[in-house]
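In: what's the 3D shape of this:
(one chain, ligands or ions: 1)
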Amino acid sequence: RNYATSAERNPKFSSVNSEDISHFKSILGEKYVIEDEDKLDDANTDWMRKYKGSSKLMLQPRTTEEVSQILKYCNSRHIAVVPQGGNTGLVGGSIPIFDEVIINTSLMHKIVSFDKVSGVLVCEAGCVLENLISFLDNEGFIMPLDLGAKGSCQIGGNVSTNAGGLRLVRYGSLHGNVLGLEAVLADGTVLDMLGTLRKDNTGYDLKHLFIGSEGSLGLITKISILTPPKLSSVNLAFLACSDYSSCQKLLLEAKRKLGEILSAYEFLDVQSLDLVLKHLEGARNPLPPPMHNFYILIETTGSDESSDKEKLEAFLLRSLESGLISDGVLAQDIQQASSFWHIREGVPEALMKAGGVYKYDLSLPVEKMYDLVEEMRTRLGSAANVVGYGHLGDGNLHLNISIPQYDNTILAQIEPFVYEWTSKHHGSISAEHGLGHMKADKIHYSKSPETVQLMASIKKLMDPHGILNPYKVLPPSLTS
Ligand code: FAD
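Out: I've put the predicted structure just below:
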């Protein structure tokens, strides 16, 4: 394993034997009980190739009933499991740490219903985000979330991680957009909370426990989600700023002057852009030389083509005149817009290609956010390439430390410093990626002891044997 882990396999979990395998085959059919080494190798390894489990078994259920039978059996035999969607998670949450059975949702990919009047989509957890985006596009709607991993990540994984992404600044988090869900508990009980109502104050709203709990409380099988109508005018600007303070002031101005049409406000520093230009095929800087210190993408989405464009152009002109931006270009067509997005969305891939990467996904007060990047640069000197990018409009920094290969002495200079710094500034050590395995024992930097204790009690109540995604989210000492 590339990444230091202090976890030890919990001996209370049973290892899978041939009788178990026969039982799983009787539930799913032979074809959907995967023991093939190549397939397992992929499923055991995370997107960053940082974590590697040693599971010998992956199950591919096609229905809620099959998930229920699998979990009921695993619970009775104390077999640990890891729910897996598209396996694009960035915190080592979707892969087994030891020999947990992988329950992969890829074959649960049906769209159940779509109501054009309310915009409510009901679908199975294994639907790939990009497929949902295309489906809705044909209906004249959009998904309220979008992220660089859309071609592989699944809506069940998105909801389980409470994924944020590029549109949160406009449409809010999944806690607001998910109207209902169906989930299977550790003992196989199916919880039907698949409501499609916008308003329903009948008791505790338990669906929220599953949104963002990273498969530690149940396996989500179906989702009902509110989708906004697709608006006719979308504009995208790629801008340059000379310093971080201008990026902040520009954000405030954008909220004031573009408020109702602003749909994304993303930033990357010149070090991030450099990586993209070096490592991503076809990537080209939309702006002529010289290079600037920071780059901002502003997207607007509205219903009036000419007035939206006029508004954005006037905003850009004023920002140029006042010196908030040093240069900028408006995408002239869809191809150009997607080439701008390719740069911002391509940063994680470029980092991967550059070697090893330590990734930190932090919520911080916007005015403090970039101080951390600079302090980290000073701390690590020439040993690493420290880059900052992310969802500035949401106060979400992706601090990434790129190194030729993983190195524990560098890691010791980064952690716990990065968590202590974030905690001192009242930030969150996980803005949108979750805690997974990477930060299971770091939760106390962002949550009080009483809160963590209540979480552990809820986990114990819902999953008494702790079979659901062990070694993730909460410190193992509290859940074993
Ligand atoms: P997986 O990686 O398979 O699983 C993630 C977690 O959810 C695991 O803990 C897993 O056990 C659990 N899980 C999966 N499915 C279920 C289920 N049905 N029921 C219960 N638990 C389940 N994230 C953002 O928030 N914003 C971004 O902008 C963003 N950009 C990204 C860009 C790239 C290039 C990449 C590689 C990743 C990015 N991510 C981003 C992270 C990742 O894509 C998200 O966390 C995504 O929501 C994970 O979905 P998935 O289907 O791949 O889930």
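In: return the longest helix along the chain as PDB; C-alpha atoms alone will do.
Out: Looking across the chain with DSSP state H, the single longest helix is helix 305-321. Extracted in PDB, the C-alpha atoms of helix 305-321 (Å, rounded to 0.1, in the frame of the first residue of the first chain):
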ATOM      1  CA  GLU A 305     -29.700  35.100 -24.400                       C
ATOM      2  CA  SER A 306     -29.000  38.700 -25.200                       C
ATOM      3  CA  SER A 307     -29.500  40.300 -21.800                       C
ATOM      4  CA  ASP A 308     -27.500  37.600 -20.000                       C
ATOM      5  CA  LYS A 309     -24.600  38.100 -22.400                       C
ATOM      6  CA  GLU A 310     -24.800  41.800 -22.100                       C
ATOM      7  CA  LYS A 311     -24.700  41.600 -18.400                       C
ATOM      8  CA  LEU A 312     -21.700  39.400 -18.300                       C
ATOM      9  CA  GLU A 313     -19.800  41.500 -20.900                       C
ATOM     10  CA  ALA A 314     -20.500  44.700 -18.900                       C
ATOM     11  CA  PHE A 315     -19.300  42.900 -15.700                       C
ATOM     12  CA  LEU A 316     -16.100  41.800 -17.400                       C
ATOM     13  CA  LEU A 317     -15.400  45.200 -18.900                       C
ATOM     14  CA  ARG A 318     -15.800  46.900 -15.500                       C
ATOM     15  CA  SER A 319     -13.600  44.300 -13.800                       C
ATOM     16  CA  LEU A 320     -10.900  44.900 -16.400                       C
ATOM     17  CA  GLU A 321     -11.100  48.600 -16.000                       C
END
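In: show me what counts as buried in it.
Out: If you call a residue buried by 16 or more other Cβ atoms under 10 Å, then helix 305-321 has these buried ones: 308, 311-312, 315-316, 319. To be clear about C-beta, it is placed using only N, CA and C from the backbone, and glycine gets the same treatment.
In: tell me the pLDDT at the residue of the chain found nearest the ligand?
Out: Per Cβ to the nearest ligand atom, residue 157 is where the chain lies closest to the ligand, at 2.1 Å. Note for residue 157: predicted pLDDT of 98.
In: element containing it, please.
Out: Assessed by DSSP states H and E, residue 157 sits inside helix 155-161.
In: what packs against the helix or strand where residue 362 lies?
Out: Using DSSP H and E, residue 362 sits within strand 356-363. On a contact count with 3 or more Cβ pairs under 8 Å, 6 or more residues apart in numbering; DSSP states H and E, strand 356-363 meets strand 396-403, helix 408-414, helix 417-424.
In: distance from the chain centre to stretch 274-290, please.
Out: 25 Å (Cα atoms, centre = their mean, to the nearest Å).
In: cool, stretch 214-224 as well?
Out: 15 Å.
In: close to the ligand, is it?
Out: Yes. Interface with the ligand: stretch 214-224 contributes 214-215, 219-220 (Cβ under 6 Å from any ligand atom).
In: so who does the closest residue to residue 135 other than its chain neighbours touch?
Out: Distances taken as Cβ to Cβ, 6 or more residues apart in numbering place residue 111 nearest to residue 135, at 6.1 Å, with adjacent residues excluded. Counting by Cβ atoms under 8 Å, 6 or more residues apart in numbering, residue 111 makes contact with 121-124, 127, 132, 135.
In: all set now, cheers.
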